[in-house]
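Asker: This is a predicted model, with the sequence first.
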Amino acid sequence: MGEILLLALVAALNPTLLAATTVLLLLERPERLMLGFWLGAMMMSVTLGLVIVYALEGSSVVDTSKSTLSPGANLVLAALMWILAGVLASGHDERREQGGRRRRASSQEPKGTPKWQQQLSKGSARTTFVIGAVLTLPGATYLLALNDLSKRNYAVAVTVLVVIVFNLIQLLLIEIPIVALKVAPNRTPALLERAKEWARLHGREYGTWALVGLGGLFALKGLLELF
């Protein structure tokens, strides 16, 4: 279960979801629009997750005698975490982004706003519901977690609960602003601006250490199972 929760935390670091939340916060009645996005995302992601889990359980490629990721898979995940941490710490991705911004600025035809952001800007809860469903199709991290879950042979109710909890964690970037706007609608915009400034100043450092720590946990688990 711990592996699945760790993967959910990794899945929560979703740049697309952060961009969507930022766009929605700039519109009128953002709480209603974000709720529509969240409902669409939960409906699509939970439904597909359950379909995939039970499809994997019925597949011959799944070894139901094992209830966890293999040692090799844990070590591969650890390596991926450390590679991402190295890229984040080196700032290579930031330099590449800055170079891309310079190239776009010098181009006579700058790249336009993505269509999904244009649709979000129209401010329709129905639109945000559909976009939320489309943007949360299962990614690599979610698929890894579903594969792990399929091997555990939990009861149906437990499997459904795990998939729901995974998605609640995965969508924290939009759930936190929804709750904050409900509890403190006047203070939330200022607090979110402070959070964005903190992330700009310290996000790289803390993100690097988080990835290093997650990689260490996966590596330790893989080594213990290997030996």
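Answerer: It's in.
Asker: Residue 82 contacts residue 212, doesn't it?
Answerer: Yes - under the criterion of Cβ atoms under 8 Å, residue 82 makes contact with residue 212 at 6.7 Å. C-beta here means a position set from N, CA and C on the backbone, and glycine is covered the same way.
Asker: Scan the protein for its longest helix.
Answerer: For the chain, the helix with the greatest residue count under DSSP state H is helix 188-226.
Asker: Mean pLDDT per helix and strand in the chain: which one sits at the bottom?
Answerer: The helix or strand of the chain with the lowest confidence, counting by mean pLDDT, DSSP states H and E, is helix 92-106 at a mean of 50.
Asker: who does the longest helix of the chain touch, helix- and strand-wise?
Answerer: Applying 3 or more Cβ pairs under 8 Å, 6 or more residues apart in numbering; DSSP states H and E, one finds that helix 188-226 contacts helix 2-12, helix 71-90, helix 172-183.
Asker: if you set the cut-off to 10 Å instead, what comes out?
Answerer: When contacts are defined as 3 or more Cβ pairs under 10 Å, 6 or more residues apart in numbering; DSSP states H and E, helix 188-226 packs onto helix 2-12, helix 15-25, helix 30-57, helix 71-90, helix 172-183.
Asker: which parts of that helix are buried?
Answerer: The neighbour-count check on helix 188-226 (16 or more other Cβ atoms under 10 Å) flags 188-189, 192, 204, 207-208, 210-212, 214-215, 217-219, 221-222, 225 as buried.
Asker: Buried residues, stretch 164-171. List them.
Answerer: By neighbour count, with 16+ other Cβ under 10 Å as the criterion, the buried positions of stretch 164-171 are 166-167, 169-171.
Asker: pLDDT weak spots in the chain?
Answerer: Along the chain, the model assigns pLDDT under 70 to residues 57-70, 73, 88, 91-124, 188-189, 192, 195-196, 199-200, 203.
Asker: need the contact list for residue 141.
Answerer: 6-14, 77, 80, 166, 170 (Cβ atoms under 10 Å, 6 or more residues apart in numbering).
Asker: Selection in PyMOL covering whichever of these are buried, please.
Answerer: Per 16+ other Cβ under 10 Å, the buried members of the contacts of residue 141 correspond to this PyMOL selection:
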select buried, resi 6+7+8+10+11+12+13+14+77+80+166+170
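Asker: In the contacts of residue 141, find the pair that's most separated.
Answerer: 80 and 166 (18.8 Å; Cβ to Cβ).
Asker: quick revisit: turn the contacts of residue 141 into TSV, including distance to residue 24.
Answerer: Listed next are the contacts of residue 141 as TSV, based on distance: Cβ to Cβ, whole Å:
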residue	distance to residue 24
6	28
7	26
8	22
9	22
10	23
11	20
12	17
13	19
14	14
77	32
80	30
166	23
170	17
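Asker: Okay then, goodbye and thanks.
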